[in-house]
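1. Okay, here's the prediction I keep looking at, along with the sequence it came from:
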Amino acid sequence: MVIGHILALALSVIDFFTEGLFSKPSPNKMKFISFAAGVSISYIFLVMLPEIYIGSVNINRLLFLSILLGFGIFHIIEKYIRQNFTGPQLRKEHRFVHSATSFAYFFVVGFILVKITEVNIVDSALLSIPIALHIIIDSLPRRSTKKYHLRVLHASSAFLGALVASFIGIGAAGNAALLGFVGGGLLYMVVRESLPRDREGKPLYFITGLLLYTIVIMVLWNIGY
């Protein structure tokens, strides 16, 4: 269980120190985004979806709905903001809602990391890596928050979720549902924010991330994890 708290704390630290770090244009920005997309796609198809499938077979097929819920919530929130606000109000609402949904999402991530660690430490580590990459990507367009206490609060969401997980149990079905929700949100972030469109993107870095993480996962499979 301690490992789960350490992983959640690491995510919070990464969130705190990367905010605003990449707000300025950088030639390496698209390379990093493409690499992170490759890693995330590898995790989703080789680890997350099989885990949800096993849970749906052993517990309830309805657990697959949690993936749709995670993906759908992010999509609906994004569309609602863009279709109902324009100009400065759009930026203001988008910033507020994005911060709120990110806090809630990474809170759930911290919670599920602790629960996964209770069963398999390797699975929690495999989840934390693509999540960490997307925390950094999430900070790419942002400037550093001027109010220090708000920056600390926002960054602490994953660790707060881990702390709550120490006192609350939701059972195997609840854990599988939250993993599906996290996976659905991750899938949305990959499709909407990380997979570069049209002429953008660096295919070589995407393939590198995809192959590298696939090799890591297959090595872990072969040694019994």
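-> Looks like it arrived, so ask away.
2. and the residue nearest to the spatial centre of the chain, what is it in contact with?
-> Among the residues of the chain, Ile131 comes closest to the average C-alpha position under CA atoms, centre = their mean, at 3.8 Å. Taking CB atoms under 8 Å, 6 or more residues apart in numbering, we find Ile131 in contact with Leu11, Phe106, Val109, Val182, Leu186. To be clear about C-beta, it is placed using only N, CA and C from the backbone, and glycine gets the same treatment.
3. what comes up buried for the strand or helix carrying the third one?
-> To tie it back to what came earlier, the one meant is Val109. Element membership of Val109, judged by DSSP states H and E, is helix 87-117. For helix 87-117, burial by neighbour count (16 or more other CB atoms under 10 Å) applies to 93, 98-99, 102-103, 105-117.
4. How about stretch 67-80?
-> Buried residues in stretch 67-80, counted by 16+ other CB under 10 Å: Ile67, Gly70, Phe71, Ile73, Phe74, Glu78.
5. what ranges do the helices span in the chain?
-> Per DSSP state H, the chain carries helices over the ranges 2-18, 29-43, 49-58, 65-84, 87-117, 121-138, 148-155, 157-165, 171-189, 203-222.
6. The lowest-mean-pLDDT helix or strand in the chain: how far from the chain's middle?
-> One helix or strand of the chain scores below all others by mean pLDDT, DSSP states H and E: helix 148-155, with a mean of 77. Relative to its parent chain, helix 148-155 has a centroid offset of 19 Å by CA atoms, centre = their mean, to the nearest Å.
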